[in-house]
Every structure is written in structure tokens, then in C-alpha cells.
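> model this:
(2 chains)
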Number of protein chains: 2
Amino acid sequence: MNRRNFIRNAAVTVPMMAFLPGFELLANPVKGKVKITDVQCVLTRIGMRISPLVKISTDAGLIGIGECHHDSNGLGAKDIVLNVCKPIIMGKDPLDLDYHVFKMSTRTSYFGGNHGVATHAITGVEMALWDLIGKITEQPVHKILGGGSHVSEVRAYASARPRNMLDMDSCKEFAALMLGQGWTACKSDIDRDQRWNNLDNRRLSNTEVDKIAQGFINMREALGPEFDIAVHCHWEFDFDSALRVANAVAPMRPIWLEDPLPIGYNEQWVKLTEKSPVPILCGENLYTRDDFRPFIVNQGVNMIEIDVSMAGGLLEAKKIADLAETYYIPVCTHNVASPIATIASANFAATVREFVAHETFINNQMNRAGKGVNGDPDVLGYDKEMIVKGHLQLSDRPGFGIELNEKLIKEKYLVQGETWWK
Amino acid sequence: MNRRNFIRNAAVTVPMMAFLPGFELLANPVKGKVKITDVQCVLTRIGMRISPLVKISTDAGLIGIGECHHDSNGLGAKDIVLNVCKPIIMGKDPLDLDYHVFKMSTRTSYFGGNHGVATHAITGVEMALWDLIGKITEQPVHKILGGGSHVSEVRAYASARPRNMLDMDSCKEFAALMLGQGWTACKSDIDRDQRWNNLDNRRLSNTEVDKIAQGFINMREALGPEFDIAVHCHWEFDFDSALRVANAVAPMRPIWLEDPLPIGYNEQWVKLTEKSPVPILCGENLYTRDDFRPFIVNQGVNMIEIDVSMAGGLLEAKKIADLAETYYIPVCTHNVASPIATIASANFAATVREFVAHETFINNQMNRAGKGVNGDPDVLGYDKEMIVKGHLQLSDRPGFGIELNEKLIKEKYLVQGETWWK
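Numbering: from 1, shown residues only, chains lettered A, B, ... in the order given. Okay, here's the model as predicted:
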């Protein structure tokens, strides 16, 4: 039953409505009438990592689709979606989203102080609720989240790098790809012997700093002065190493230096932001306003980057962005999710006043030769190209505009042992 | 093969050792020789909630036992123990614990910014490593963690309350139980219509405040002036409601007021701690020094409470306690774990200079009529009573002194569908 039919049926079964003025007929039968009847979660590999997908069903026949942030194999997120979140929202009105998130957060605060896998689970549910709210109100999410938006696309940046940053031919090849596809910004990992996820210590030698800088100077030369280049660290360094990197890459004029210090807030961030000749950014490991607040109010960053799937959902991300705006701090997104959460995140990004750029990954064999980012775009059942000239495209359809290609996911991307949802 | 045999064998296969002075013979063959050969995780219900148990095996035949903090059904913690932590420590020397924790934390920082289920998994592994280190060095953990300890028991408090705090007979009955069993401290939930895990708003009415205060005043009357009574909130209130509770319970002279404000640090904590006539405490939802630091250095609490299973393990808890000590802030523990992690946590508590009291739960039918706390004490295979006159007893045996009663756990407490470890 689609929404129109549901409204018609509701009107038939509630003849009282016939006495109300005509303009109320459209909205009132639905208000408070749509009830959540099921919450399902299934583990898939449609993106770069594990994607636990959430489906919320209602008695109106409308469904909402969301995605939880990855972890090891997604078992924890699925456990919490089904056994903690589901009982809280069953039978409830999807429109009361903020209340449901408060309830789920309070209930799970014991599993991580509103961080980590529990918050990923809540976010997947929250995302699906927004998709539903869009369908109930017959509006795209980017039109109803915190004041809407006039834009039809969101500027993206490509998380990618030349094969060898120290080799000019490599850099030129990369520039040809970027400019050829119409990108206006990219973010590239620094060169270092120690990989960020296998770190031994927080010190950088001078030789390492010089090598990092040379790589980015080569990229600038190949990409030209207008192209935005972000320098990508992974919360590795001590203050002194971080400041040396900032000074070394400054001549290249990066759009930002990302995550140069370890994750937690402390006064070193303020000192680095004061001393650095280039903008300092962080946020990809931060959850909710509680984590972002000290960075923003103490001027511990110049820009923030919100991962909607980690930070607590679209509404929490919007609240964080609004807090940042009161300090004139521009907002970017971090995003390693599949095309589904990427489109959801782009709907949030569209509503942010000073939005800079949205993360996308182009080096994925599932991207279908540049037609998608972060995974197979065909899973979306989208009415637009996902990405055009380095900009994520927004749909005018209700919700996120996604009509999930269940057949494709079931056949190609379902995790072994998982049963597809009803 | 026990440790002595292993040393003998190692000495035989490394005849070079024979030339070293005799006093080195004991230690050197073992140093760097014990290698981790397996990491297993099994879900059990030996405590009040889910207990994912960790077993680390070595080529010396020694094993270490740990326990992860509960979440929904423990599936996420088990996933991360087996698929993230295990590959990092396989083949490694258990003595290099700090390095292993750094590696595991860096690797999983993506799953929660070092919070939540990922940190619970690391903690279970860290706990098992301490058990192993104790066995390798033939010392109880409370003798080798950060300077050791001269104590043989740790003061505990009973998390419990009268059936009805507003009824004096109820309070007298409770006092008879407490004093009869030799307890010197308890912590009791406040009376409120809204349960902490099903909260609608952060306001307390004056009537509610008066009711809360009356309950605790009754308890004081029944328990006498010396008994320590802690007032237990669950991160529910706004500043004004919290301060009204603090003022209302002040005449009863509580040992602390716990978690009156929401979880995250901000300046409201400093203001409340300044204005409150009773000591303010928090910590049960905080992870690692990063979370505790602002509370401690900004004087946002009078006392802290560390949950070893959440905060990041025994060593991280010790580092937090050491930071607190530099501000003369006393330390308690929070603890909802099974008897296994309770004993591990007590080994940490024994090493803290200004330790106040360790949380224990007495209202559990598995406690075997007061012989245990937090679950069935018989799972421990302990050489002492677990609890005597409100004090947790420490073993002099190596590690935590636990010789797990595998038969009992397998038969009574294994989660359905789980296979017991090798």
C-alpha cells in the first residue's frame, strides 16, 4: 500500500475527518497514524567495508532505509539494532525522531558513553527514520532537515592520491584523472613508513617531514593553484611533529591539515591551531556534540569534519554544524560508508550553511567506472547519477530518493550466512 | 607444561645460558620466550549481564583469563576480540602489554574513538594479559601493577537499597542486613518515577527532591552515623535539579553524590562541584584518561569512579588513578561485571594510594547466600572467600589467583549456541 492509498483508507475508516476543512484532510489522517511495525538489520558488503543495513517498516506500507557505520564484522551493531533499538521504537510514530534517539541513547549509554558501536546502531536507525519522515511528508530529506536547502548537489572531494607522490609523472597522471573527471578537491594520505593503523610512536623525523612536504608540493604543481588539496594524517603525531608538518606543507597552500594530533581534545589542539600557518581540521572519530564542543568553543580547530554515521545521525550532525556556525567554523564531512549512507550524508551536508566538501572514495572497483563513489551505485535505485563532476547529486524524490535494488544486493553483496529481510 | 618445566626445557635447548651467572638462569630463559599461541572468546552468563570471557594461551602452557564489559549480547565484543585483537597479539610476548594495548587501540580507534564495545574487547584481552604476566612472573597482579600493594583485601560497598526507603521498617531491615554482614558502605538508587534508562526529561520537581531526601534521611537513621551511604543518580539531571538534590541530601552526610549530570564533561560539572555541599563523583561511563582528564584537571568532581572493564583495562585505570592522585582526588570503582572481572578490578584497586571503596552487587541469586558478589563465586576456583565482612579478598597466587571452574560454567552459564573453548 503506498502512502496515497493509506491516506485514502485512513480517511474511509475515520469518517469524522470528512467534517474537517479540506486542507487538513491531507495531513491529519497521517499525523500520529503511521506506526513502526518492524525493524530489520542485515549485513552487506556494498561499500568498502561492512555495511549493516537497517530497514524500518510501518503500517502505512512505507519503509525507511539506513546504514550503520562499519566496525569489525558488524555483529555488534546488528545486535544492538535488533535487541535494544527495535524494542524502543516498535509501535511508535517515526516523526518523533528526536525523542526516539534520546531514548535509544539513554538506554545504550552504558555500552560506550554514547560512542562507538552502540552509537553506530542508533545512527543506522535514525537514518532510516529520516528516510521514512521524508516519505511520510513527501519531501526529500534535504528539504526538511533543520531548515532545508536550496541546492541540488553537494561539492565532494576525492580521497585519493598519486601512485607515487614523489614522482612528477605520477602526479601528472593523477591530475589528469582529477581534472578530467571534473573534481575540484582531493584529500591525500601523507607518505610515512609507519602506517596509521600500525603505529609505533608519535614522532616524525625531519627527513620524513621533508618527504611529506615534497609529495604535496609535487601535487600542487601538477594540479595547479585553484584545486583544493587536503593533507591527510590519522591522529598520529605529537605537537612538535604536527607543527613541523604544518609548516612544511604551508607553501603548497593546503585547504586543511587533517587529524595531526591524537583523537581526544586537549589544549595542544588550541596551541597547534594558533601556531599553524594552515587550517587545522579534525572530527572523524568524534561522537555527538559532547565531543565536538571543546574543539569548537576553545578554537581547537579551524574547520570540522563530521561523519554522520559516527557522530550520531543526521539530526545530531546538524546540531553540531549549527554549533560550529555560531563560531564561523566551516564544516566538511568524513565518509567511508557505502553509497547508501553517502547519499544520506549528502542530504545533511546540503542543509549546512558553510559547507566545504563531502568525502568520497573513487578507488573502488565497485564504483562502476566513475559513475559512483564508495561502492556500487546501482544498489541505490537512484533517479540521478550519484556523482557528476565531483558533486554528489541530490534527488527530489521523498526521503533519500533511494529505491533499494534488493535483488542486486541479495545476489552480490549479502554477507555469507545472512538472511535477506522480509 | 607448567612454567617450571618450560624454564627447564628452554634452558636445555639454549645451552648458552649455562655460561651466565646463576641468578640470571631463572629469569632469562623466560624473558621474550613465552609466546601467545591462541586467543579465544566465549559468551557466558556468570554475572548479572552478559560476560564475554577471554582466554589467552601460550607456548609455555600458561593461560590468562579476562572478561569484557557487557553490552547487548556481547556479539560485538567477541567479534572484535577474535578478528581484530587476536591477529595483533598472536605470536607476541605477553609482557609487552602496553605496546599491545597501544596497537589494539590504534587499530580500533575507528570503531568508537577509543570508547564503547571496541574498548571493552581490548580490556578483556588486557585483563587476560595481566593474569598471564602474573603467572609468568609468579606474582599476584596486585603486587606487580604499578608499584604493588601491601593490602590483602579491598574495601567494598554494597550496591543495594531498602525495599522501600520511605518506610522506616524497611530501612531497619536493610540496616540489619548490612551491619550483620559487616558492610561499612552502600550505594542506593534514588527514588524517582522516571527510570534512568527510560528518561523523558532532565527536570526534578520539588516534591521528587523532598522524597529522595527523605528516603536517604531514613537510611541514615537506620544505619547510624558511621556507615557510608552514597546517593546514586544515573546521569539524569540538569544543573539546578542536581544542585537541589545535593542540598536536600546534605543533612544525611552522604559519602558522595554520583552522576547527577549527563555524561559528557562541561563547565556545569565545575560549577556543581563548587556549589554542592556534598562530594560530587562520576566516571562510570568514561573511557581512558582522555575522558577523565577534564573532570580531574578542571576540578569537575571531588572523587572519581573507574570501571576497569570500561575505562580501558587495569593499566589504563592505574594511569587514571595516578592522574587523580596528583590532584588529591580519591578513587572508587564502578563494577557491574561478573566475579572474574570483579577480582581483576580488586587487584587494580589494591594498588591505588587513596582508594575509597569497590562496587559490589549483593542482590543476585547466584551469589550463594552472601559468599559471593556479582554472581556465582564458585566459577572462580578461588583459594579464598571472595568477600568477607564487606571486603573483597585478594589471593596470593600468581595472576588473579583464579583457577576457572570450566565445568561449572560449561554446564550452567554458557550462552546457548556457544561452543566452550579448547
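
> which SS class is A:L179?
helix (DSSP: H, G, I helix; E, B strand; the rest coil).

> pLDDT at it, what is it?
Looking at A:L179, its pLDDT is 96.

> Just give me the neighbour total for it.
By the criterion of other CB atoms under 10 Å in any protein chain shown, A:L179 has 15 neighbours. For every residue, glycine as well, the C-beta is placed using N, CA and C.

> What of A:G182?
Close neighbours of A:G182, defined as other CB under 10 Å, add up to 11.

> hang on, it packs against A:I387?
No. Applying CB atoms under 8 Å as the test, A:G182 and A:I387 come out as separate, 9.4 Å apart.

> Using the three-state scheme, assign whichever residue of the stretch 51-200 of chain A sits closest to chain B.
Closest contact between the stretch 51-200 of chain A and chain B, by CB to the nearest CB, is at A:G76 (1.7 Å). Classification of A:G76 using three-state DSSP returns helix.

> average pLDDT for the helix of greatest length in chain A?
Criterion DSSP state H: the longest helix present in chain A is helix A:116-137. Helix A:116-137 shows a mean pLDDT of 97.

> Just the CA trace of that helix, in CSV.
This file holds the C-alpha atoms of helix A:116-137, laid out as CSV (Å, rounded to 0.1, in the frame of the first residue of the first chain):
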residue,chain,number,x,y,z
GLY,A,116,31.2,3.6,19.3
VAL,A,117,29.3,0.6,18.1
ALA,A,118,26.1,1.5,20.1
THR,A,119,26.0,4.9,18.5
HIS,A,120,26.6,3.4,15.1
ALA,A,121,23.5,1.2,15.7
ILE,A,122,21.4,4.2,16.7
THR,A,123,22.6,6.2,13.7
GLY,A,124,21.5,3.4,11.3
VAL,A,125,18.1,3.5,12.8
GLU,A,126,18.0,7.4,12.8
MET,A,127,18.9,7.4,9.2
ALA,A,128,16.1,5.1,8.3
LEU,A,129,13.7,7.2,10.3
TRP,A,130,14.7,10.3,8.2
ASP,A,131,14.0,8.3,5.1
LEU,A,132,10.6,7.4,6.4
ILE,A,133,9.8,11.0,7.5
GLY,A,134,10.7,12.2,4.1
LYS,A,135,8.3,9.7,2.6
ILE,A,136,5.5,10.5,5.0
THR,A,137,5.8,14.2,4.4
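
> What lies in contact with the helix or strand just after it?
Sequence-wise, the next helix or strand downstream of helix A:116-137 (DSSP states H and E) is helix A:141-144. Defining contact as CB atoms under 8 Å, 6 or more residues apart in numbering or on different chains, one finds that helix A:141-144 is touched by A:130-131, A:133-134, A:137, A:148-149, A:151, A:314, A:344, A:346-348, A:350-351, A:394, A:399-400.

> Quickly find the element holding A:I296.
Per DSSP H and E, A:I296 falls inside helix A:288-297.

> follow-up on the earlier one: just the buried ones out of the contacts of helix A:141-144, please.
Neighbour counting over the contacts of helix A:141-144 (16 or more other CB atoms under 10 Å in any protein chain shown) leaves A:130-131, A:133-134, A:137, A:149, A:314, A:344, A:346-348, A:350-351, A:394, A:399-400 as the buried ones.

> Show me what the helix holding A:I296 is packed against.
strand A:303-306, helix A:314-325 (3 or more CB pairs under 8 Å, 6 or more residues apart in numbering or on different chains; DSSP states H and E).

> tell me how far that helix is from the chain's mean position?
18 Å (CA atoms, centre = their mean, to the nearest Å).

> Also stretch A:106-126?
16 Å.

> How about that stretch and chain B, any contact?
Yes. For stretch A:106-126 and chain B, the contact criterion (CB under 8 Å from any CB of the partner chain) is met by A:106-107, A:109-120.
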